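Chemist: have a look; sequence and predicted model below, questions after that.
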Amino acid sequence: MKINDQNVASMVAAKTFTENMDKINHMDYTADGQTLITSAHDDSITVYDCNTGTKSRSVNSKKYGVDLIHFAHASKDAVHSSTKVDNTIRYLSLHDNKYIRYFWATPKKW
């Protein structure tokens with residue numbers, strides 16, 4: 001299928017997920033395109049299986065907040081920025097829901 005104005009205009013949403021209570025602020029796919037991860041303004045992280053179109057798991061980060069989520073080397077780990085407490089980048093194991101490492105950032109100057 002070629003992408004053109006007519007094809008794009010004919011597309012419709014195939015599925016709607018309503019788990020998030022607020023807007024999704026970032027999303028990222030694994031390198032193989034099999035898995036999608038999203039972060040939302042409600043401080044939730046959601047992982048989706050793109051083959052089945054289903055939610056795989058959900059993780060909350062209510063204490064630190066979450067934004068700009070990205071998969072690390074594998075689909076078992078993710079990196080995200082904190083929106084609360086401090087300006088850290090957090091390396092999260094999605095397998096056991098634990099932070100592996102923190103990367104401290106400089107305070108906001110703007």
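Modeler: Okay, I see it.

Chemist: and residue 92, what does it touch?
Modeler: 45, 59, 77, 78, 79, 80, 98, 99, 100 (Cβ atoms under 8 Å, 6 or more residues apart in numbering). Just so you know, the C-beta spots here come from the backbone N, C-alpha and C atoms, and that holds for glycine as well.

Chemist: against residue 2, how distant is it?
Modeler: 39 Å (Cβ to Cβ, to the nearest Å).

Chemist: and the residue nearest the centre of the chain, helix, strand or coil?
Modeler: What sits nearest the mean C-alpha location of the chain, by Cα atoms, centre = their mean, is residue 38, with 2.3 Å. Three-state assignment for residue 38 (DSSP: H, G, I helix; E, B strand; the rest coil): strand.

Chemist: need the pLDDT of it.
Modeler: Looking at residue 38, its pLDDT reads 95.

Chemist: bridging residues for it?
Modeler: residue 27, residue 46 (DSSP bridges).

Chemist: how close does it sit to residue 80?
Modeler: Counting by Cβ to Cβ - residue 38 and residue 80 are separated by 11 Å.

Chemist: returning to that earlier point: restricted to strands, list the contacts of residue 92.
Modeler: Among the contacts of residue 92, the ones falling in strands (DSSP state E) are 45, 59, 77, 78, 79, 80, 98, 99, 100.

Chemist: now those residues: which count as buried?
Modeler: Using 16 or more other Cβ atoms under 10 Å as the burial test, those include 45, 59, 78, 79, 80 as buried.
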